[in-house]
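Engineer: sharing a model prediction with you, sequence too.
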Amino acid sequence: MVLGFVIGYLLLTILIGYLASRRVSTTTDFLAAGKQLPMSVTAAALFATWFGSETLMGASSEFVEKGAIGVIEDPLGAALCFVLVGLFYAKPLYNLNVLTINDYFRLRFGVKAELISALLMVPSYFGWIAAQLVALGLLLHTLTDLPVAWGVWLGMLVVLCYTYIGGMWAISVTDFVQTIVIIVGLIFLLQRLWTDVGGWEEIQRRTPEGFFSIVPEFSWQGITTYVAALITLGLGSIPSQDIFQRIISSRSAKAAANASVLSGVMYLSVGIMPLMITLCGSMIYPDVLHNNTDSQLVLPEMVLRHTDTWMQILFMGALLSAILSTTSGAILAPASVLGENIIKPIFKGTPLSDRQMLALMRTSVVIVAVLSAIMANLHSSIYELAGMASAFTLVSLFAPLTAGLYWKKASSLGALASMLSGMAVWLICIGLETTTPPLIYATAVSIFCMIGGSLIKPDTGK
């Protein structure tokens, strides 16, 4: 019965995507839902941006193993990102009336900055998408014993189908429906396990001292590791195309800003649920935790083995919803950048018509989906794949974006130096296996070069 529900749910998602695709007639419709989304739909779409496999499966297993300090990156860092975007970035970016974040870099810093930022951004999504596809593969494997690799390709085809035909319209409508399913499913499951385990006093009694503390160890290593975890999503995803795409799909700048702050509150409150569900489940059914070689499978296997059919359906609905909504948006984001900022400029001598651009965007969606599926089959850790994604944009694009919006002296040289130096230092530190997280060094260098380059060579007329 559970497998039948999963198959039916996947088919329903494709149907919703097909119905939403009827509203797609232009490139703006495909990439930004015609800029017609109300605040509630935008908030649901933003919430669904990252509420996928990392939170439900990756972060949950980290929480059980390491406590609250192990999940600073997600959900705390993710919620911080949404709030900061709503307070400081949504309105100025919305008012630019562009389709990608890289269009902003072109307007502010020139064509070179557009191209380099695009080349840095597109690869950053492959790890994130691959993490979601791995989760789909693991889920289908748990339900059917289908090889994980086959599950990855099957999941990719489902998401590709409705993203290809409906673009941002399909993503937004399915995200809204899926967000409701996520919240309802998690509330019911948490209530059930919370009662079974004996409530908060029993949970506290059975967890080690300091398990729920989010205060880092007072040492250089402890503090820098903590800061790196917090800013990976907290700052690193601010210049990401998936958030920008949802922001510009809103009806107004005010709606975009309010939706972003609301989604941050939703993300933190709802994000705590799967952590507590997994913790309660590990206490009630310790054999699942100890006998499972892949900790990422603890939550779905615990639900399948030790709950009734309706509870399994609620959980699988929530899990499928989270993964599908995250994957679809993550595929469209780099595809938009690939088509708009990398391929389109090649044809500037003979400008493409809107119909040709729409075809180009859909082709880009296919390219990104296939490459991500290949990557998913080469690496199976959800948490590590997801963590790689935001690091790209943090060390290269956060400083130029922020300086460009809020510092009049920010120049093209500063932006280019910031992008390239930050990425170079990050890669070097990874190669050297530095004890201090590479993000710390790379982000500091990126900010320094943004300031130094802008002071050395200001842009003419600024």
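Structural biologist: It's in.

Engineer: tell me who's in contact with S446.
Structural biologist: By CB atoms under 8 Å, 6 or more residues apart in numbering, the contact set of S446 is 395-396, 398-399, 418-419, 421-422, 425. The way it works is simple: take the backbone N, C-alpha and C, and place the C-beta from them, glycine included.

Engineer: tell me the buried residues in the host helix or strand of it?
Structural biologist: Taking DSSP states H and E as the criterion, S446 maps to helix 438-456. For helix 438-456, burial by neighbour count (16 or more other CB atoms under 10 Å) applies to 438-443, 445-447, 449-451, 453-454.

Engineer: and the chain, what are its domains?
Structural biologist: Following automatic domain parsing, one gets these domains for the chain: 2-383, 407-462.

Engineer: out of those, which is closest to S390?
Structural biologist: domain 2-383 (3.6 Å; CB to CB).

Engineer: helix or strand right after the helix or strand of the chain with the lowest mean pLDDT?
Structural biologist: Sorting the helices and strands of the chain by mean pLDDT, DSSP states H and E puts helix 53 at the bottom, at a mean of 60. Next helix or strand after helix 53 toward the C-terminus (DSSP H and E): helix 59-66.

Engineer: for that next one, buried residues please.
Structural biologist: Those would be 59-64, for helix 59-66 by 16+ other CB under 10 Å.

Engineer: quick one, helices of the stretch 151-300 of the chain?
Structural biologist: Along the stretch 151-300 of the chain, the stretches classed as helices by DSSP state H, counting those that start in this stretch are 199-205, 220-234, 241-248, 253-284, 286-291, 298-306.

Engineer: just give me how far the fourth one sits from the chain centre.
Structural biologist: Spelled out, that is helix 253-284. Taking CA atoms, centre = their mean, to the nearest Å, one finds helix 253-284 lying 14 Å from the centre of the chain it belongs to.

Engineer: check the average confidence over that helix, would you?
Structural biologist: Helix 253-284 shows a mean pLDDT of 90.

Engineer: centroid-nearest residue for this structure?
Structural biologist: W50 (3.5 Å; CA atoms, centre = their mean).

Engineer: report the contact partners of V303.
Structural biologist: Applying CB under 8 Å, 6+ apart, the residues contacting V303 are 189, 281, 311-312, 315-316.

Engineer: over to I116?
Structural biologist: Per CB under 8 Å, 6+ apart, neighbours of I116: 416, 419-420.

Engineer: in what helix or strand does it lie?
Structural biologist: Going by DSSP H and E, I116 is in helix 111-144.

Engineer: next, the buried residues of that helix.
Structural biologist: If you call a residue buried by 16+ other CB under 10 Å, then helix 111-144 has these buried ones: 113-122, 124-143.

Engineer: now do stretch 144-159
Structural biologist: Buried residues in stretch 144-159, counted by 16+ other CB under 10 Å: 148, 151-156, 158-159.

Engineer: could I get the domains of the chain as CSV with distance to S390?
Structural biologist: Listed next are the domains of the chain as CSV, based on distance: least, CB to CB, whole Å:
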stretch, distance to S390
domain 2-383, 4
domain 407-462, 9
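
Engineer: out of these, deepest packed?
Structural biologist: Per residue and on average, the most neighbours among the domains of the chain fall to domain 2-383, with a mean of 21 (mean count of other CB atoms under 10 Å).

Engineer: wait, isn't L193 in contact with L275?
Structural biologist: No. L193 lies out of contact with L275 (CB atoms under 8 Å); the separation is 11.9 Å.

Engineer: rank the domains of the chain by mean pLDDT and give me the bottom one.
Structural biologist: domain 2-383 has the lowest average pLDDT among the domains of the chain, namely a mean of 85.

Engineer: from the chain's centroid, how far away is that one?
Structural biologist: Distance, centroid of domain 2-383 to centroid of chain: 4 Å (CA atoms, centre = their mean).

Engineer: including secondary structure and distance to E73, could the contacts of S446 go into CSV?
Structural biologist: Output for the contacts of S446, formatted as CSV (DSSP: H, G, I helix; E, B strand; the rest coil; distance: CB to CB, whole Å):
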residue, secondary structure, distance to E73
V395, helix, 15
S396, helix, 19
F398, helix, 15
A399, helix, 20
S418, helix, 23
M419, helix, 23
S421, helix, 24
G422, helix, 19
V425, helix, 20
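
Engineer: which among those residues gets closest to L76?
Structural biologist: For the contacts of S446, the closest approach to L76 (CB to CB) belongs to F398, at 17.8 Å.
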